[in-house]
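**Q** Just the structure for this:
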Amino acid sequence: MPLTLPKTHQDKFQRYRASRKARGLKLLRVWTVDPHAPGFAEEARRQALLLRGSPEEVEALAFIESAADFGD
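**A** Numbers count the residues shown, from 1 in each chain. From the prediction side, this is the model:
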């Protein structure tokens, strides 16, 4: 009778990744800004004020509104 070793967390994750890869998926890791980081709120506010009323803001808001209405 073959000896079976206990499955570790790493083994489980490797099997999970292999099954996803077999389905044609690829693991993607993304670094993003931490909204709790010091200075984040101030920088977001500064950038929002720079965009206020600009054509880019109007276009972005129109896109968001149309996406929100999609399916209604």
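**Q** can we go C-alpha only for contacts and neighbour counts from here?
**A** Fine.
**Q** how about the most centrally placed residue in the chain, secondary structure?
**A** Geometric centre of the chain, nearest residue: V30, 6.9 Å, by C-alpha atoms, centre = their mean. With DSSP: H, G, I helix; E, B strand; the rest coil as the basis, V30 sits in coil.
**Q** show me what contacts it?
**A** Under the criterion of C-alpha atoms under 8 Å, 6 or more residues apart in numbering, V30 has no neighbours.
**Q** so where is the protein shaky, pLDDT-wise?
**A** Applying pLDDT under 70 to the chain picks out residues 1-7, 72.
**Q** which residues of it fall in helices?
**A** For the chain, applying DSSP state H gives helices covering 9-22, 40-51, 55-69.
**Q** chain center to the last one: distance?
**A** To tie it back to what came earlier, the one meant is helix 55-69. Its chain's C-alpha centre and that of helix 55-69 lie 20 Å apart, by C-alpha atoms, centre = their mean, to the nearest Å.
**Q** Over to the first one?
**A** Relative to the centre of its chain, helix 9-22 is centred 21 Å away, using C-alpha atoms, centre = their mean.
**Q** and the gap between H9 and E65?
**A** Counting by C-alpha to C-alpha, to the nearest Å, the gap from H9 to E65 is 43 Å.
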